[in-house]
Each structure stands twice: as C-alpha cells, then as structure tokens.
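Student: Sequence and predicted structure, then a few things I'm wondering about:
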Amino acid sequence: MAQLLTINGLSAGTEDKPILHNIDLSVGTGETHVLMGPNGAGKSTLGHVIMGDTAYQVTSGAIEFDGEDVTQKGADKRSLAGIFLSYQAPVEVPGVPLYSFLRTICQMRPELKTTARKFRQRVAKISEQLEIDDSFLTRELNVGFSGGEKKKIEMLQLLLLRPKLAILDETDSGLDVDALQIVSRGIEAYRADCDGALLMITHNTRILEKLSVDRTHVMVKGNLVAEGPASLIDDIDANGFGRFEGAVEKDEA
C-alpha cells in the first residue's frame, strides 16, 4: 500500500506551549486510521497541524502528503492537494450563503469544475442522501445551525470535494442517534465512492462501529504511545486509557 500521509518526528505547539512531541504516523492510500486518546491529549492539534493551521507552529519534523513535503505550505495549498479537515466545532460565517460557499470551493478545484446545472444536481443528490433540507442552502454558512446540522454540512462538503485524505475531528461529538446515523452514512459514502483515506479523531467508539479500521493510534499528553490493529479499539472501550497514561507518566519521571 502506497503511503499517502507520512509524518516524521513532528513536534509542534503554540507560541508559548509545546503540545505535540516527536510524532511518527503514516496513512496509506485508501486506509482508515483511528486516533484515540483522552480529552486534552493533542489529537485535534495534530489534525490542525496536518491541515496547516497557522495557530500552531512546527518546531521540528516534517509532513509529507502524496509524495510532496507540505510542512511549510499553507492550508489552502494543502486543501487543493487533497486534504480535508472537519472541525470539532464548525465556525459560523455570517454573510456567506452556504450554496455560494460550496460552489466557490468546488470551482477552485480543476477536477471538480462543472456547469451550474450539473453542480445543482450534484448538491441536491448529496443533500437528499444526508437529509439536508433545500432551505439550508440559502442560509448563511452554519449561522443558527444546530450541532448536528453543522456536522451534516461538513459531510456535504466532504462528499462534494472528494479529498484524498479526510481528517474527521470528533465528528460524533454532540450528535443524537439520528444525526449520528446520517453522519455515519456520509462517511460510508465517502469511503465507497471516493476510496479516500480517513483519519478519524475521537475518544468515543460509537461512530467506529460500521467502519473497517486498518490501524489504531493512541495519543496521551501529545505523545503517540501505542499503535495496533482495529482490536485495540475494543481494548480501549473496555479498559479506558489508564494504562497508556501511566506509561507517559513513567517516561516523564
């Protein structure tokens, strides 16, 4: 399996706080990886650093995507290269209609350019699949949307953009059962239609139940402390993160 994402010796943080420590992680083309860990472990930070969020600075190491070093590239260049990040708490953007936003971001991708008519049809088909009412498309991006509605809009973007790598950050956070099923349906459609790679960031196993997971990674206090097959998820579900946290404390002693 060809490596799509390769992270070597990555350390990063904010101006006054180191968060990630010497991270090594690889994701192959078409694979599904899960990154788990307790709250505050640095999981979301890793997703944002991979995406190129300027709130974080890389102090050492490198990020290679699809054969190219993207460590110093901006988030826009990484997006155009095929990296997608869904936010744990999607932001509201007043004044920007959702449909206009979707049309603009797709037109920026040469492989996704199409006529206005075909684009409307594509959006309508995906919206129906995700049970998104047509009225949402004329509303301002995420403004006044519930948590579940925002996550469904993220899935709409995912299926429209068809990225090579989707980083989904706590996509199940705050969802009721019905919304979780719809979001899970969107993830399944992405895997089936795009054969894209997934990096699922979560501390909850609910959304993983229908996914075929290739590798599981465990992060504690900004350190990747374990890696294993899908069965590691069941171990964590049964026993929690205690033994992993103990290992980090022992190393720090």
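Tutor: Perfect, I can see it now. Residues are numbered from 1 along each chain as shown.

Student: the strands in the stretch 101-250 of the chain, which residues?
Tutor: Assigned by DSSP state E, counting those that start in this stretch, the stretch 101-250 of the chain shows strands spanning 140-141, 165-169, 197-201, 215-220, 223-228.

Student: Can you tell me which of those is nearest to F241?
Tutor: strand 215-220 (6.6 Å; Cβ to Cβ). Heads up, the C-betas are built off the backbone N, CA and C, glycines and all.

Student: average pLDDT for the closest one?
Tutor: Throughout strand 215-220, pLDDT has a mean value of 96.

Student: List the neighbouring strands of that strand plus their orientation.
Tutor: strand 32-36 (parallel), strand 223-228 (antiparallel) (DSSP bridges).

Student: packing partners for the next helix or strand after the shortest one?
Tutor: Right, strand 32-36. For strand 32-36, the following helix or strand on the C-terminal side (DSSP states H and E) is helix 43-51. Using 3 or more Cβ pairs under 8 Å, 6 or more residues apart in numbering; DSSP states H and E, the elements in contact with helix 43-51 are strand 3-14, strand 17-28, strand 32-36, strand 57-65, helix 75-81, strand 83-86, strand 165-169, strand 197-201.

Student: now helix 43-51 against strand 57-65, angle please.
Tutor: Between the axes of helix 43-51 and strand 57-65, defined by axes from the mean of the first three to the mean of the last three Cα atoms, to 10 degrees, the angle is 70 degrees.

Student: With mean neighbour count, mean pLDDT and distance to H217 as new columns, can the strands paired with strand 215-220 be given to me in CSV?
Tutor: Listed next are the strands paired with strand 215-220 as CSV, based on neighbours: other Cβ atoms under 10 Å; pLDDT from 0 to 100; distance: least, Cβ to Cβ, whole Å:
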stretch, mean neighbour count, mean pLDDT, distance to H217
strand 32-36, 23, 95, 5
strand 223-228, 18, 95, 5
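
Student: okay if I get those strands as JSON lines plus distance to L80?
Tutor: Output for those, formatted as JSON lines (distance: least, Cβ to Cβ, whole Å):
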{"stretch": "strand 32-36", "distance to L80": "23"}
{"stretch": "strand 223-228", "distance to L80": "28"}
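
Student: Show me where the stretch 101-250 of the chain has its helices.
Tutor: Applying DSSP state H, counting those that start in this stretch to the stretch 101-250 of the chain gives helices spanning 116-129, 147-161, 177-194, 231-239, 242-252.
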